[in-house]
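1. Build me a model:
(chains A and B)
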Amino acid sequence: MSAADLAEAARRPFTGRRVRFGDLLLQLVAGAAALATTVLVGLIVWKVIDGAHLSISKFGLGFVTRIAWNPVPGHELYGAASFLFGTAVTSFSALLLATPLAIGIALFLTELAPRSLQAPVTALVETLAAIPSVVVGLWGILVLGPTLRDHVEPALHGALGFIPLFGPKGAGASVFTAIVVLTIMILPIVASISRELFLSVPRELKEGALALGTTRWEMVRGVMFPYARGGIAAALILGFGRAIGEAIAVTQVIGGGVWIHWNLFDTGDTLGAKIAASYQGASTNLQASSLIYLGLILLAFSLVVNLAAQWVVRRAARKQGATRGGRG
Amino acid sequence: MSSAGFELGGNRLARRRRVNFGMEALAWVAAALAVSVLVVMVYAVARRGWSQLNLDLITKQPIPFSFTNAPQGLSNAFAGTIVLVAIATLMALPVGILVAVYLNEFAPPTIRSAVTLVLDILNGVPAIVIGIFVYGLVVLGHGQSGFAGSFALACLMLPLVARATMEVLALVPNSLREAALGLGVARWRTTVSIVLPQTIGGVLTGTVLAVARVAGETAPLLFTSSLVGNRPSWNPGHALQSIPVAIFELSESSDPKDHARAWAAAFVLLLFIMLASLGARWLALRSRRKLTAG
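-> Numbers count the residues shown, from 1 in each chain, chains lettered A, B, ... in the order given. Okay, here's the model as predicted:
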C-alpha cells in the first residue's frame, strides 16, 4: 500500500458511508419521476404553443381583440375577444356571488353550527365539490335553465329591467345560467378552504376579543378576518381559476354565440366552452389551430392565477410569521 | 385596529347586537342555501335516474338514430370508463408515489419547493387544456385511442396522488426512520419497507379520491377518446366511450329518450363517486388514527 493510499484511507470518515447501490437506484428512479413531472408541465406549454402556431403566425396578437369566428373556407377569420368577454363576465360574476356565500358557510361551520350539524354539513359541502361538471351541466341544461327562464329571469327583468344586464328573457340557455352553475361549482372549494383557515385562528385571540366585550360578529371582523385574510384571498383566486377553466358545464348551458352584449339572459360563450363545443372536429387546420390558441390563452390565465395564489399564500405566511416572532 | 373601533353605550350596544344578529342570520342562510342546492341537485338526478335504472343500461349497447323502442343501454360507456380509469391509475399511481418519495425523503429544500410548485401548477391546468395537449402530443400523429384518453386522465391524477402521498409521508414520525437507520438498515430499505408501508392507508385514500375525480371528467376525453363505436370494447388501442362523454352527448340531444339514459348514467356515476368519497373518508380516519396512535 502506497503512502498516498494510506493518506486517502485516513481521510475517510470512520462511519464509512459507502454509497449503496439500492440508495442510488431509489434516489435516481424517484428523482426521475420528479423530473418527468416537471418535463410534463413544460411539454404541455410547448405542445399548446406548437398547436397554436399556425393561428399565431397568421393573426398575431390581434386575435385577442377581434370578435370573429368564421370557419367558411376562403373567408376564414378568427378572434378571441367575445370568448374572453364571456369568460370574464361569467367568472367574475360567479366569484362575486360565491364569495359572501362561501365565507358565510365557513363562519357557520366554525362558529355557529351546533356540534351535531358541523360534521354532516361539512361532509355535504365537500360532496358538492365532488359532483362531476358534466352532471352539474346536465342538471343545468334540463332543470336549472328552464326554471331560471320561466321564473327567475322574468322576475328580475320586471323588477330591474332598466339595468341593461337584466334584459328580456332568452331561450333557456343563457350567460346567467352559466353564472349560477359556476357559482355552485366554486362555492364548495372556497368554503372548505375558508373553513380550515377559520379553524386555524388561535383560540386565545378569539376568546380575548370576546372577553373584551365584542359581539361575535365584531370578533369575526376584528380577529378572524385579519388573521385569515391572505389565505381567503388565495382561496378566492383558486376558485376564480377554476371558474375560468371550466369548460363542460358551461358549454352545456351557455348556448354559444360570437358577440359581446350586456344582457345576462341571452346566450354567450367562453374560452373553455368554445373549445369543448368544437370537439367533433374542426373543418380546417387554421380553425383547429385557432381553437388551440384559445386553449393557450386559457393556459396562460391558469398559470398566472396559480402563481398569484402561491405568492399571496407565501406573503401571508411570511407576514404572520413575522408578527408572531415579534411578539414572542 | 381602527376599523373595528368598538363603541360603547346603551343605544349603540343595541345596534351592535342587531348587526351581530343580522350577520349570524346571513351565515345560517348561506349554509342552508348550499345544502339545499346540493339536495335539490342530487334529488333531481336520483329521481330521474332511479326510474330509468335497469340492467339494460349496463348490458345493452346504444342504437343511435333509432326510431323503435328497442331497449338501449350504455354498455360501451361502462366498459370504456373501467378501462380508461384503470390504465390512468396504473400510469399515475407509481409516478405519483415516487415523486412524493423523492420530495419528502431525498430532495434538497429548494428542489422540493420548486417541484411542489410544479405539482400545484399541473393541478391548476384546466382539464380541457390537458385534452388539447394530449390531442397535440398523441392524437394528431396516431389518432384517438383509449391510451391517449388514459394518459390525459393520468395527467390530472398525478398531482392529486403525489400531494396525498406527501401529506402522509410527512406524518410518518422521524423516530421511525432514525431507528431503522441506526440499526444499520440501508436508506432505500428504510424507505421501501419501513416508511412506505406506514402510508398505505393514506395513499389508498388519495388514490380513491383521484379515481372518483377522473371517473367523472369529460373535458380531457373529448379530444382524445370520443369518436367511438357503439359496441362495447375493452381494447385501449381504439377510442373508448366513457360515461361522462356519453352523458355530455346525450344531454345535448333533443330526444327525451336520450335524456332519460343521461339521467340514469349520471345517477350511477354520482352514486359511485359518493360511495368512493365516503369510503375514502372512512379510510382516512382509520389510517390517521393508526399513524397518530403509534
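
2. Against A:I189, how distant is the closest residue to chain A within the stretch 51-200 of chain B?
-> Among the residues of the stretch 51-200 of chain B, B:P126 lies closest to chain A, at 2.8 Å counting by Cβ to the nearest Cβ. The way it works is simple: take the backbone N, C-alpha and C, and place the C-beta from them, glycine included. Computed with Cβ to Cβ, to the nearest Å, the distance linking B:P126 and A:I189 is 14 Å.

3. Next: B:K257.
-> Taking Cβ to Cβ as the criterion, B:K257 is separated from A:I189 by 35 Å.

4. the more surrounded of the two?
-> Under the neighbour definition other Cβ atoms under 10 Å in any protein chain shown, B:K257 and A:I189 were set side by side, and A:I189 has more, 22 against 13.

5. And the helix or strand that contains the more buried one, what does it pack against?
-> The secondary structure element spanning A:I189 is helix A:175-199 (assigned by DSSP states H and E). Applying 3 or more Cβ pairs under 8 Å, 6 or more residues apart in numbering or on different chains; DSSP states H and E, one finds that helix A:175-199 makes contact with helix A:81-107, helix A:115-130, helix A:133-139, helix A:225-245, helix A:248-254, helix B:10-52.

6. thinking again about what came up before, what is the neighbour count of the residue of the stretch 51-200 of chain B closest to chain A?
-> Other residues within reach of B:P126 by the criterion other Cβ under 10 Å amount to 24.

7. With adjacent residues omitted, what lies nearest to B:A77?
-> Closest residue to B:A77 in three dimensions, ignoring its sequence neighbours and counting by Cβ to Cβ, 6 or more residues apart in numbering or on different chains: B:A246, at 4.0 Å.

8. Can you pull the residues of the stretch 51-200 of chain A lying near chain B?
-> Listed as neighbours of chain B in the stretch 51-200 of chain A under the rule Cβ under 8 Å from any Cβ of the partner chain: A:51, A:100-105, A:107-109, A:111-113, A:121, A:123-128, A:130-139, A:141-143, A:184, A:187-188, A:191.

9. Which members of the residues you listed are classed as buried?
-> Taking 16 or more other Cβ atoms under 10 Å in any protein chain shown as the criterion, what is buried in those is A:51, A:101-105, A:107-109, A:111-113, A:121, A:124-128, A:130-139, A:141-142, A:184, A:187-188, A:191.

10. Show me where chain B dips below the pLDDT cut-off.
-> Scanning chain B for pLDDT under 70 picks out the ranges B:1-10, B:66-67, B:293-294.

11. Point to the residue nearest the middle of it.
-> The centre of chain B sits closest to B:R213, judged by Cα atoms, centre = their mean, with a distance of 1.7 Å.

12. how close does that one get to chain A?
-> Applying Cβ to the nearest Cβ, to the nearest Å, the value for B:R213 to chain A is 7 Å.

13. That residue is in contact with B:L156, isn't it?
-> Yes - the pair B:R213 and B:L156 qualifies as a contact (Cβ atoms under 8 Å) at a distance of 7.1 Å.

14. Tell me the pLDDT of the closest residue in space to the residue of the stretch 51-200 of chain B closest to chain A that isn't next to it in sequence.
-> Nearest non-adjacent residue to B:P126, counting by Cβ to Cβ, 6+ apart: A:G245, 2.8 Å away. Reading off the confidence values, A:G245 has pLDDT 94.

15. now swap in A:P73 and tell me
-> At A:P73, the model reports a pLDDT of 85.

16. Name the SS class of it, please.
-> When classified by DSSP: H, G, I helix; E, B strand; the rest coil, A:P73 comes out as coil.

17. Can you give me the neighbour number for it?
-> Around A:P73 there are 10 other residues, counting by other Cβ under 10 Å.

18. May I see the buried residues of the helix holding A:I189?
-> Within helix A:175-199, the residues that qualify as buried are A:175-195, A:197-198, counting by 16+ other Cβ under 10 Å.

19. Ok, stretch B:243-257 next?
-> Within stretch B:243-257, the residues scored as buried using 16+ other Cβ under 10 Å are B:243-251.

20. Kindly present the residues you listed as JSON lines, with separate columns for secondary structure.
-> Compiled in JSON lines, these are given as follows (three-state DSSP):
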{"residue": "B:I243", "secondary structure": "helix"}
{"residue": "B:P244", "secondary structure": "helix"}
{"residue": "B:V245", "secondary structure": "helix"}
{"residue": "B:A246", "secondary structure": "helix"}
{"residue": "B:I247", "secondary structure": "helix"}
{"residue": "B:F248", "secondary structure": "helix"}
{"residue": "B:E249", "secondary structure": "helix"}
{"residue": "B:L250", "secondary structure": "helix"}
{"residue": "B:S251", "secondary structure": "helix"}
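
21. Can you tell me which residues in the stretch 201-328 of chain A are near chain B?
-> When proximity is defined by Cβ under 8 Å from any Cβ, the stretch 201-328 of chain A lies next to chain B at A:212-218, A:220-222, A:226, A:238, A:241, A:244-248, A:252, A:272, A:275-276, A:279-280, A:291-292, A:295, A:298-299, A:302-303, A:305-307, A:310.

22. where does the stretch 1-150 of chain A dip in pLDDT?
-> By pLDDT under 70, the weakly predicted segments of the stretch 1-150 of chain A are A:1-18.

23. how about the strands in the stretch 151-294 of chain B?
-> Assignment of strands within the stretch 151-294 of chain B using DSSP state E, counting those that start in this stretch yields no ranges at all.

24. Show me what residue of it gets nearest to chain A.
-> B:G216 (2.6 Å).

25. isn't that residue right up against A:G137?
-> No - using Cβ under 8 Å, B:G216 is not in contact with A:G137; the gap is 11.1 Å.

26. how near is B:L270 to B:M41?
-> When distances are taken as Cβ to Cβ, B:L270 and B:M41 turn out to be 9 Å apart.

27. who touches both of those two?
-> In terms of Cβ atoms under 8 Å, 6 or more residues apart in numbering or on different chains, B:L270 and B:M41 are both contacted by the residues A:I131.

28. thinking again about what came up before, for the residue nearest to the centre of chain B, what are its contacts?
-> In this structure, B:R213 makes contact with A:130, B:156-157, B:160, judged by Cβ under 8 Å, 6+ apart.

29. will you turn the residues you listed into CSV that also has distance to B:V139?
-> Rendered in CSV, the data for the contacts of B:R213 read as follows (distance: Cβ to Cβ, whole Å):
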residue, distance to B:V139
A:A130, 29
B:L156, 17
B:M157, 19
B:L160, 24
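
30. Run a quick neighbour tally on residue 29.
-> As the question left the chain open, I've gone with chain A. By other Cβ under 10 Å, the burial measure for A:V29, its neighbour count, is 14.

31. sorry, should have said chain B
-> Taking other Cβ under 10 Å as the neighbour definition, B:V29 ends up with a count of 14.
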